[in-house]
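Asker: Predicted model and sequence below, questions to follow.
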Amino acid sequence: MATHARQGPCGDLASRLFATRKLTLDLAAPLSDADATIQPFPDASPAKWHLAHTSWFFETFVLRDHVPGYGAFDERYAFLFNSYYEAEGPRHARPRRGMLSRPSLDEVRAYRAYVDEALERALPQLPPAALDLIELGINHEQQHQELFLTDILATFAESPLEPAYGALPLPQCFAAEPLSWHPGREGIVEIGAPDGGFAFDSERPRHRVFLSRHEVANRRVTNGEWRDFIDAGGYRTPTLWLSEGWDWVQREQVAAPLYWRDGGTEFTLAGRRAIDWAAPVAHVSYYEADAFARWAGARLPTEAEWEDFASSADPSLGNQVDEAGPVLPRPGGGVFGDVWEWTQSAFASYPGFAPAAGAVGEYNGKFMSGQFVLKGASCATPRGHSRASYRNFFPPSARWQFTGLRLARDA
Ligand SMILES: [Fe+2]
């Protein structure tokens, strides 16, 4: 497989492309074929599917559309590994991705190698539009690397044997930093990605918004504070909850973050271990984050408040992914890394939003319904992937991602 950087104008792009492709393979290295085949629930995908789908993305939008004479590795894979692109035709039903014992993990690895070799041959001749799609494909694959880790966590959490994906050092018993409040800017500010450089279409255009007087917490809510919320009856107090959230708590019998277990332990990618009470709480839904904030006499920040707060922070810092292996939120982080932070803002289009041209125009815009924006980056986000304008989004009941919160309040 090609892993070396090319020289020339697309050298950096090629080097990032093949480093990204290699990281995905490395993430899958500890898995058996059976591990990689399980789909723990319909919103998650098998590890094997992530490996194949990210290759289908390059094969379809770069190789098929921009390389004359390219022959697909297997014509049937388009049906299996198209995720949600209506313009690309019918596809295998999402909830049934875990039913595919074939192709095997090794066959999917061979598919990846075939696509990588074709990309390496094609790169020097690709037109600028195709190079833009390579950039999009890199960022797309990074998103799937995060999903790969959270889906494997969900998969292993299903097993009473509590398998570990890898080993992590034990918690170091740090004390949580005292909570303090940072005055936010009041008045008209700009948010969104500026022109130039890569950003997803949903981050643009950069535009003006008005911020009222407010304050933002210096750090994320910790596991210890979440324990206090539980002990105070937070999950049993309907007045703290949105109506839909209270229905969800009752229906799903939710009483703690997703992977908390008995005796002050939690299930992690390193197996079951003691909860680090100073670490940011993770795997909570929007409903839970909103209820906690109300209990704490605060609220969730708006997306614009968060983005302005984070505008001077370095998105490349913090607990994010540098290499394959298990990940876990840690105490003492800054703005980026550890956990994505729920905002109270709906994932909706910015004024002047225009979806990308072609089939990739289905990437973000069609999901602008019933989802909330999360900002920052998590311990499962590849470093270099996020930025202040980044708009992650999930439905309000989702909690298998590394999702936490930072409080805000009116001032
Ligand atoms: Fe995808």
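Answerer: In hand now; what should we look at? Residues are numbered from 1 along each chain as shown.
Asker: mind checking how far stretch 94-107 is from the chain centre?
Answerer: Centroid displacement of stretch 94-107 relative to its chain, using C-alpha atoms, centre = their mean, to the nearest Å, is 22 Å.
Asker: got it, and stretch 361-375?
Answerer: Distance, centroid of stretch 361-375 to centroid of chain: 13 Å (C-alpha atoms, centre = their mean).
Asker: next one: stretch 70-82
Answerer: 26 Å.
Asker: got a list of contacts for it?
Answerer: By C-beta atoms under 8 Å, 6 or more residues apart in numbering, the residues outside stretch 70-82 that reach it are 49, 52-53, 55-56, 59-60, 63-64, 88-92, 100, 103, 110-111, 114-115, 118, 122. All C-beta spots, glycine's among them, are computed from the backbone N, C-alpha and C.
Asker: Can you read off the pLDDT for Ala176?
Answerer: We have a pLDDT of 87 for Ala176.
Asker: Likewise for His4?
Answerer: 36.
Asker: got it, and the one 4 residues further on?
Answerer: As predicted, Gly8 sits at a pLDDT of 45.
Asker: where in this structure is pLDDT low?
Answerer: Counting by pLDDT under 70, the chain has low-confidence residues at 1-10.
Asker: Just the helices from it, written as ranges.
Answerer: 11-28, 47-58, 65-66, 77-81, 105-122, 128-157, 223-231, 243-252, 286-295, 303-309 (DSSP state H).
Asker: Could you count how many residues lie near the residue lying closest to Arg21 once chain neighbours are set aside?
Answerer: Nearest non-adjacent residue to Arg21, counting by C-beta to C-beta, 6 or more residues apart in numbering: Asp116, 5.6 Å away. By the criterion of other C-beta atoms under 10 Å, Asp116 has 20 neighbours.
Asker: And Gly263, by the same measure?
Answerer: 7.
Asker: That one and Leu31, how far apart?
Answerer: Using C-beta to C-beta, to the nearest Å, we find Gly263 at a distance of 29 Å from Leu31.
Asker: Contacts only, for the closest residue to Ala359 other than its chain neighbours.
Answerer: Distance criterion C-beta to C-beta, 6+ apart; nearest residue to Ala359, sequence neighbours excluded, is Ala87 at 4.1 Å. Ala87 makes contact with Gly358, Ala359, Glu362 under the criterion C-beta under 8 Å, 6+ apart.
Asker: what's the answer for Ala354, then?
Answerer: By C-beta under 8 Å, 6+ apart, Ala354 lies in contact with Asp201.
Asker: Relative to Ser202, how far out is it?
Answerer: Distance from Ala354 to Ser202, by C-beta to C-beta: 10 Å.
Asker: I'd like to know which of the contacts of Ala87 are buried.
Answerer: Glu362 (16 or more other C-beta atoms under 10 Å).
Asker: nearest spatial neighbour of Phe292, skipping sequence neighbours?
Answerer: Distances taken as C-beta to C-beta, 6+ apart put Phe229 closest to Phe292, at 5.3 Å, once the chain neighbours are dropped.
Asker: And Glu158, by the same measure?
Answerer: Pro40 (5.3 Å).
Asker: ok, now Gly137?
Answerer: Nearest to Gly137 is Phe58, by C-beta to C-beta, 6+ apart, at 4.9 Å.
Asker: do the same with Ser212
Answerer: In this structure, Ser212 finds its nearest non-sequential neighbour in Glu186, 6.5 Å apart by C-beta to C-beta, 6+ apart.
Asker: Of the contacts of stretch 70-82, grab the buried ones for ChimeraX.
Answerer: In ChimeraX, a selection of the buried entries from the contacts of stretch 70-82 looks like this (16+ other C-beta under 10 Å):
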select :49,52,53,55,56,59,60,63,88,100,103,111,114,115,118,122
